[in-house]
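K.L.:
Based on what follows, work out the 3D shape:
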Amino acid sequence: MQLIDGKATALEIQKELRTAISQLRGRIPRLDVILVGSFTPSVIYVTNKTRACAEVGISSQIHRLPDDITQEELLQKIKALNNNPDVDGILVQFPLPRHIDPNLIMETIAPSKDVDGFNPINRGKLFLGDEDALVPCTPLGVRELLKRYNIATEGKNVTIIGRSNIVGKPLAILLMQPNENGNATVTVAHSKTPHLEKVCAQADILIAAIGQPLMIGPSMVKEGAVVIDVGMNAAGEAEEGKKRRVVGDVDFHAVKDKCSWITPVPGGVGPMTIAMLLSNTFKAYLKREIE
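P.N.:
Numbering: from 1, shown residues only. Next up, the predicted model:
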């Protein structure tokens with residue numbers, strides 16, 4: 001078993017971005033983040049994202065809005081950022097209050113500034129294999145890990161457990177694209193898939209993104225398979241003064257000896273998501289500067 005170190009890979013990507021950005025002349029890339037309310041995990045995520053921006057030389061601004069903001073007020077805020085020539089990327093931190101339609105929010109962010117890759121235009125470009133697409137960060141991070149660890153996908157049987165619009169579906173499209181980082185035969189499994197254990201056990205590359213702690217055990221993993229764990233779940237009771245333990249969808253210690261490669265949780269896919277957000281912001285900046 002060999003470990004796929006997402007933390008080290010993310011730091012490598014950040015170093016590359018820092019070098020590229022330091023060589024720019026004039027305006028630097030800028031990411032604007034909209035945070036609605038004070039949901040603690042969202043505040044932490046936003047803080048981590050803006051800190052990462054600073055580390056590579058991307059300017060960032062947080063727009064803190066009350067959780068009782070109207071949908072129309074939020075839409076107007078997004079439109080103002082769409083029209084601001086100094087803003088390269090716009091990120092609206094989810095989840096949003098229940099009275100706000102997340103789909104409408106995603107549709108309103110300008111596709112050229114949609115660094116989360118959730119706008120329907122970017123989803124369509126991804127489907128068509130258009131390199132101009134801004135791709136959702138977590139699937140992009142998974143593909144980048146496979147690429148940087150020289151794990152071939154061409155001709156491989158890939159099973160993705162989870163069919164979300166954020167991870168499962170876009171990742172399936174990425175890995176089946178006709179290019180050197182795709183060409184896989186992809187199966188998307190989910191809670192309604194019959195004989196799920198057997199389906200998973202046939203995969204050369206098994207990607208767990210279903211949000212069920214420690215769901216993937218040894219019987220679901222093929223000998224010599226590559227296992228990518230996208231899950232981030234709180235497990236057990238928190239000890240006094242400590243946070244709850246974080247585990248993935250894969251029972252790491254139970255399956256690691258069957259794997260050729262495996263990602264840990266934490267320290268696997270998680271850091272790559274932020275690295276790809278930075279990469280998408282730089283990509284959006286370059287495209288806008290060329291145009």
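K.L.:
and T187, how many neighbours?
P.N.:
Neighbourhood size, T187 [other CB atoms under 10 Å]: 17. Where you see a C-beta, it was placed from the backbone N, CA and C, and this is true even at glycine.
K.L.:
Sheet-wise, list the partners of the strand or helix carrying it with their directions.
P.N.:
If you go by DSSP states H and E, T187 is part of strand 185-189. When sheet partners are counted by DSSP bridges, strand 185-189 sits next to strand 157-161 (parallel).
K.L.:
quick revisit: quick one: name whatever helix or strand follows the strand holding T187.
P.N.:
Per DSSP H and E, the helix or strand that comes after strand 185-189 is helix 196-201.
K.L.:
Give me the mean pLDDT for that following helix.
P.N.:
Taken as a whole, helix 196-201 has a mean pLDDT of 98.
K.L.:
ditto for stretch 218-225
P.N.:
pLDDT averaged over stretch 218-225 gives 98.
K.L.:
low pLDDT regions in the protein?
P.N.:
Applying pLDDT under 70 to the chain flags residues 236-242.
K.L.:
Name the single longest helix found in it.
P.N.:
Counting residues, the longest helix in the chain under DSSP state H turns out to be helix 269-290.
K.L.:
tell me what that one is packed against?
P.N.:
Using 3 or more CB pairs under 8 Å, 6 or more residues apart in numbering; DSSP states H and E as the contact test, the elements touching helix 269-290 are helix 6-22, strand 30-36, helix 40-56, strand 89-92, helix 137-148.
K.L.:
would a markdown table of the ones you listed with mean neighbour count be doable?
P.N.:
Below are those laid out as a markdown table (neighbours: other CB atoms under 10 Å):
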| stretch | mean neighbour count |
| --- | --- |
| helix 6-22 | 16 |
| strand 30-36 | 22 |
| helix 40-56 | 15 |
| strand 89-92 | 27 |
| helix 137-148 | 23 |
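K.L.:
any chance of the ones you listed in a markdown table, plus distance to L286?
P.N.:
Below are the helices and strands packed on helix 269-290 laid out as a markdown table (distance: least, CB to CB, whole Å):
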| stretch | distance to L286 |
| --- | --- |
| helix 6-22 | 9 |
| strand 30-36 | 13 |
| helix 40-56 | 14 |
| strand 89-92 | 12 |
| helix 137-148 | 16 |
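K.L.:
Please name the nearest non-neighbouring residue to F118.
P.N.:
The shortest distance from F118 to any residue other than its chain neighbours is 4.3 Å, reached at M106 (CB to CB, 6 or more residues apart in numbering).
K.L.:
Then E154?
P.N.:
That would be N183: by CB to CB, 6+ apart, it lies 3.9 Å from E154.
K.L.:
got the contact list for that neighbour?
P.N.:
153-155, 176-177 (CB atoms under 8 Å, 6 or more residues apart in numbering).
K.L.:
what's the most distant pair in those residues?
P.N.:
Pairwise distances across the contacts of N183 peak at 13.8 Å for G155 and Q177 (criterion: CB to CB).
K.L.:
neighbour count winner among the two?
P.N.:
Set G155 next to Q177 and count neighbours by other CB under 10 Å: Q177 wins out with 18 against 9.
K.L.:
What separation do you get for that one and T263?
P.N.:
Per CB to CB, to the nearest Å, Q177 is found 22 Å from T263.
K.L.:
Ok, L96 next?
P.N.:
Counting by CB to CB, the gap from L96 to T263 is 29 Å.
K.L.:
go on, D132?
P.N.:
29 Å.
K.L.:
The two - which one has more neighbours?
P.N.:
Each of D132 and T263 has its neighbours counted (other CB under 10 Å); T263 has more, 28 against 13.
K.L.:
Backbone dihedrals for that one, please?
P.N.:
Note on T263: its backbone torsions stand at phi -90, psi 140 [degrees, to the nearest 10].
K.L.:
wait, doesn't it sit right on D229?
P.N.:
Yes: the criterion here is CB atoms under 8 Å, and T263 meets it with D229 at 5.1 Å.
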